[in-house]
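Asks: just the structure for this:
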Amino acid sequence: MKIIHCGDLHLDSRMESVLPKEKAKERKNEILMTFLKMVEYARKNWVSVIIMAGDVFDTRTVSAKVRNAVLDAIKSNPGITFLYLKGNHDSENFMEEMQDKPDNLKFFGDNWTKYEFEDVVITGVELNGENSEKIYDSLILDTRRVNIAVLHGQEINAPVKDKAEVIRLKELKGKNIDYLALGHVHSYKMGPLDSRGIYAYCGCLEGRGFDECGEKGFVLIEVNSGRLSAEFVPAAYRTLYEKVVDVTGLDSTIQMLKKIEEAVEGISEESLVKVVLTGRISIDTEMDIKYMEQFLRDRFYFGRVKNLTRLEINIAEYQYDATLKGEFIRLVMASALADEEKQQVIMSGIKALSGEELD
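Replies: Numbering: from 1, shown residues only. Now for the predicted structure:
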């Protein structure tokens, strides 16, 4: 028996906080297409069940196109059972409210709900704040069956992302779980739960921002003769990368671009790339961030540059400098601005004094 564990699709996400309007529309469509592509993979590979471990949609309001596409995918594949556990982003949506639910679309509730498939039992519960402390004692599983449990929330040791219920993995040890299917964390992660079972965050199908870099996809679970195995399957249209480039000692945009080229070598042109510039630069360093971003956007689907460099200023050098630049630097350094603000003001001022365009 084959089972797909996916989650955090965030269908109909606006995407405009990261991308310009037209590319945001394209990425929004690509996220939907990746979901449909995964369903097609399931059909072609004889997958019996697709577990959707929360946050299938981004908000309660879902466009007609996305709603129709998802329902059509479910209805067109009656041989696949879709198990939908709602997450913190989709606690209420049209799928549970509709009158004519497809027979192959099943839901979980705020108590453990079980679905049986041959020798496999899939059980899940939706955390709501009121039941979070009760779920551990109420989970009873047959040691003779292959048991998959489904939850959406934040394991205690995972990095926090959005408001979500906490999952205490230690409370699920010794519960006869073979595979704990988790949703909420947007990066793939798998590890041992106890001597019997494993747990996994499947991650999201597509990265939506530069806090979701790396390979994205779903987990394919196979159960044969009572034994369970699981592997990650890449599925994303595009991959997001963040590259840190130290430009200490460089004094021009062209020199920095050479280091950026080295850092992004081998990355597919279909990718989204963010370059973070770090290190210490001098006041006389010529650095054009917009030019660097244009370089990235000509080479990749989308590019962004974030400047985290710091100015190396020896105020003694400008103590008696009679030029306009010297006077400007002395005034800023003597001001009540925070150090970071002084850095920004000086960099902008030097650009202006040099006749360059400000970012």
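Asks: mind listing the strands for the stretch 251-359 of the chain?
Replies: All strands of the stretch 251-359 of the chain, identified by DSSP state E, counting those that start in this stretch, fall at 272-278, 280-281, 302-307, 310-311.
Asks: can you tell me the closest non-neighbouring residue to Thr253?
Replies: Nearest non-adjacent residue to Thr253, counting by Cβ to Cβ, 6 or more residues apart in numbering: Asp288, 4.6 Å away. All C-beta spots, glycine's among them, are computed from the backbone N, C-alpha and C.
Asks: and for that neighbour, the neighbour number?
Replies: Close neighbours of Asp288, defined as other Cβ atoms under 10 Å, add up to 19.
Asks: Glu262 too?
Replies: 10.
Asks: gap between it and Asp246?
Replies: 11 Å (Cβ to Cβ, to the nearest Å).
Asks: before we move on, what about Glu231?
Replies: For Glu231 relative to Asp246 (Cβ to Cβ), the value is 36 Å.
Asks: contacting residues for Asn224?
Replies: Applying Cβ atoms under 8 Å, 6 or more residues apart in numbering to Asn224 gives the contacts Met1.
Asks: what pLDDT does it get?
Replies: Asn224 is assigned 93 on the pLDDT scale.
Asks: distance of it from Asp8?
Replies: Distance of Asn224 to Asp8, computed by Cβ to Cβ: 28 Å.
Asks: output the lowest mean pLDDT helix or strand found in the chain.
Replies: Scoring the helices and strands of the chain by mean pLDDT, DSSP states H and E places helix 94-97 at the bottom, with a mean of 70.
Asks: so what pLDDT did the residue nearest to Val223 when sequence neighbours are not counted get?
Replies: Spatially, and ignoring its direct neighbours in sequence, Val223 is nearest to Met1 (4.7 Å; Cβ to Cβ, 6+ apart). The model reports Met1 with a pLDDT of 95.
Asks: Met1 contacts Ser48, correct?
Replies: Yes. Under the criterion of Cβ atoms under 8 Å, Met1 makes contact with Ser48 at 5.4 Å.
Asks: what is in contact with the two at once?
Replies: Counting by Cβ under 8 Å, 6+ apart, the residues touching both Met1 and Ser48 are Phe117.
Asks: three-state assignment of Leu71?
Replies: Secondary structure, DSSP: H, G, I helix; E, B strand; the rest coil: Leu71 is helix.
Asks: surely it touches Pro102?
Replies: Yes. Using Cβ under 8 Å, Leu71 is in contact with Pro102, at 7.1 Å.
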